[in-house]
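S.K.: requesting a structural model of the entry that follows:
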Amino acid sequence: MTRINPTSLARRKVLAAAMALAATHPLRAQGAKRPIRLIVPFPAGGLHDLIARAVAEPWASLLDQPVMVENRPGASGNLGAEAVAHAAPDGLTLLWAQGSTHGANSTFFRRLPYDPLADFAPVGLVSTTPLVLLGRTDLEADDLDGLITLGQARPGRLNIGTGGVGTTPHMAAALFARHTGITWTTVPYCGNAAALNDLLSRHIDLLFEAVHVALPLVRQGRVRAYAITGAERSSLLPDVPTAQAVLGHFRVTIWGGVAAPAGTAPAIVERLSRSLLGLDGVAPLKARLGELGVALRPADPAVMRAVTIADIARWRELFEDAGVTVE
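M.R.: Below you'll find the model as predicted:
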């Protein structure tokens, strides 16, 4: 009779169990890295979602780790930002941060459920995008100078749509009014799409919109483009001047970047940041974002933190003077 060593039998059972576990979890057995969830705090199909999804694939290649985009919209970006602020600081849950979550919202919301500086570790900036000021084709103004003259001559008569309180179009409208002395009626919508429909239907006069959305409408002659809000003309709308050329210091851009929960280990942040900076060398990504009117401009965590601080101060000064807040 063959005698079986109890210790050997136990080892065989452990090995068999391990092999069975490997069969049911092949990725774990191969040592694959857990995916990163990149939370976009706005609905699918919007500009931030399009940029984040374009970035995710090449970034995953540079990281050698999957990056999955997850939309968590609500409360002008606050719901998604809060979820990431309270997530485990392990580098696996990150936020697609931008000027609302890390700038204007700290002014508009008295009870913001997170602190854009204290509750996040900046990973880095990724992109900047200008807006274009659109108007009805039947407005009595052929260019930006004419529009300013019209608005100043008719205080309160012009109205401008925004995608909602705290959105970049809202901020652009308020800043433009301050720079020009125009008094106009601001009409908030639940998203810029609804505002654009009303512009096309001539229910409102003006709207700040993303370049890639405006482009086909401008080419079709359905709207008039008055100005680009960036420092340079857009290659997609080269004949449209910058507002800065007429107004001096006026500039509003939509910036996007990545933030991790506060307390994330510096080594993890450094790895994530280094790979984001590497996106600058990915030509197909630059081309894809260029089609959206977006500039790929990666920058390190220090730059992102500085931009956040500057945005908070800028919009707080503007909107506290106007008394604009949201409960």
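S.K.: so this protein: which segments form each domain?
M.R.: 36-128+253-322, 130-247 (automatic domain parsing).
S.K.: mean pLDDT and mean neighbour count for the ones you listed - can I get that in JSON lines?
M.R.: C-betas here are computed from N, CA, C, even on glycine. What follows is the domains of the chain, written out as JSON lines (pLDDT from 0 to 100; neighbours: other C-beta atoms under 10 Å):
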{"stretch": "domain 36-128+253-322", "mean pLDDT": "94", "mean neighbour count": "19"}
{"stretch": "domain 130-247", "mean pLDDT": "93", "mean neighbour count": "19"}
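S.K.: for Ile182, give me its contacts.
M.R.: Ile148, Gly151, Gln152, Pro155, Leu158, Phe176 (C-beta atoms under 8 Å, 6 or more residues apart in numbering).
S.K.: that one falls within a helix, correct?
M.R.: No: counting by DSSP: H, G, I helix; E, B strand; the rest coil, Ile182 falls outside a helix, being coil.
S.K.: now it: phi and psi?
M.R.: phi -70, psi 140 (degrees, to the nearest 10).
S.K.: distance of it from Ala141?
M.R.: The spacing between Ile182 and Ala141, counted by C-beta to C-beta, to the nearest Å, is 12 Å.
S.K.: and the helix ranked longest in the chain, what does it pack against?
M.R.: Looking across the chain with DSSP state H, the single longest helix is helix 301-322. Applying 3 or more C-beta pairs under 8 Å, 6 or more residues apart in numbering; DSSP states H and E, we find helix 301-322 packed against helix 105-108, strand 120-135, helix 168-180, strand 253-261.
S.K.: now the ones you listed in a markdown table, with distance to Gln98?
M.R.: Putting those into a markdown table (distance: least, C-beta to C-beta, whole Å) gives the following:
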| stretch | distance to Gln98 |
| --- | --- |
| helix 105-108 | 10 |
| strand 120-135 | 9 |
| helix 168-180 | 8 |
| strand 253-261 | 5 |
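S.K.: of all these, which one is nearest Ser234?
M.R.: strand 120-135 (6.3 Å; C-beta to C-beta).
S.K.: just the strands in the stretch 51-200 of the chain please.
M.R.: Shown for the stretch 51-200 of the chain, the strands assigned by DSSP state E, counting those that start in this stretch span residues 67-71, 93-98, 120-135, 159-162, 185-188.
S.K.: can you put these in JSON lines and add distance to Glu270?
M.R.: Listed next are the strands of the stretch 51-200 of the chain as JSON lines, based on distance: least, C-beta to C-beta, whole Å:
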{"stretch": "strand 67-71", "distance to Glu270": "17"}
{"stretch": "strand 93-98", "distance to Glu270": "14"}
{"stretch": "strand 120-135", "distance to Glu270": "9"}
{"stretch": "strand 159-162", "distance to Glu270": "38"}
{"stretch": "strand 185-188", "distance to Glu270": "40"}
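S.K.: looking at those strands, which is closest to Gly80?
M.R.: That would be strand 93-98 among those, by C-beta to C-beta, at 6.7 Å.
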